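K.L.:
coordinates only, sequence not included:
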């Protein structure tokens, strides 16, 4: 069963563009929705997480969850070359002690 | 800044050999995990470990896999008889109490190549 689906890209945008990254999930029991960033040959690092539906903003990053449509989004405003990385969405029933289900990751390149 | 450290960074082994991957989680964390990522594929959950026992494991984590916390600092993943399809990047992760963000802190990974 494909719990979390993500368009792998690659996505290439000019510096300053708004980037939209999207995932869908299938399990209604998921309550936590995360976005991780992964640089080449490194472990994933948490960007943001959201509990249940709604929006969450952190600087240039906005995470959005719509549980009715099982849709997860990450928006990056004023994208920078340093944002170039693979972005992974993940979902889970709880935050600790259980598995996170990751998407395949979207490779993003921001061109100066 | 505290971090999860993993050794070795890369291991090459022959099919059928035993491999032990080592991890030192962040010192005050209570939950420990192993994930793996086959090249070009998703990060996949293997196992979570809490209070000296497995709290959850995936279908991937079959009898050839085992985990251990042999002392107060290390967390190991053993693969008893490696197969070609075990070639992947293995990530250790740890997290603190449920009252915080529950953020998973990942190590940089151990790349396993089975020949």
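P.N.:
Received the coordinates, thanks. These numbers come from a predicted model, not from an experiment. Numbering: from 1, shown residues only, chains lettered A, B, ... in the order given.
K.L.:
Below-threshold pLDDT in the chain: ranges please.
P.N.:
Just going to use chain A. When residues are selected by pLDDT under 70, those of chain A lie in A:1.
K.L.:
if you could check chain B rather than the one you did, that'd help
P.N.:
For chain B, applying pLDDT under 70 flags the ranges B:97-102.
K.L.:
One more pass at 90, please.
P.N.:
Scanning chain B for pLDDT under 90 picks out the ranges B:1-2, B:27-30, B:40-41, B:50-52, B:70-73, B:95-104.
K.L.:
Run through the residues of it sitting next to chain A.
P.N.:
B:4, B:31, B:41-45, B:48, B:50, B:55-56, B:58, B:91, B:93, B:95-98, B:101-104, B:106-109 (Cβ under 8 Å from any Cβ of the partner chain). Just so you know, the C-beta spots here come from the backbone N, C-alpha and C atoms, and that holds for glycine as well.
K.L.:
among these, which ones are buried?
P.N.:
Buried members of the residues of chain B next to chain A, scored by 16 or more other Cβ atoms under 10 Å in any protein chain shown, are B:4, B:31, B:42-45, B:48, B:55, B:58, B:91, B:93, B:95-96, B:102-104, B:106-109.
K.L.:
Show me where chain A has its strands.
P.N.:
With DSSP state E as the criterion, chain A has strands at A:4-6, A:11-14, A:19-25, A:32-38, A:45-51, A:54-58, A:61-66, A:71-76, A:85-92, A:101-102, A:106-111.
K.L.:
What lies in contact with the fourth one?
P.N.:
Surrounding strand A:32-38, the residues in contact under the criterion Cβ atoms under 8 Å, 6 or more residues apart in numbering or on different chains are A:21, A:25, A:44-51, A:61, A:63, A:65, A:72, A:74, A:85-95, A:100, A:102, A:105, B:102.
K.L.:
buried residues in that strand?
P.N.:
A:32, A:33, A:34, A:35, A:36, A:37, A:38.
K.L.:
end to end, how far does stretch A:51-66 reach?
P.N.:
Start to finish, the residues bounding stretch A:51-66 are 11 Å apart (Cα to Cα, to the nearest Å).
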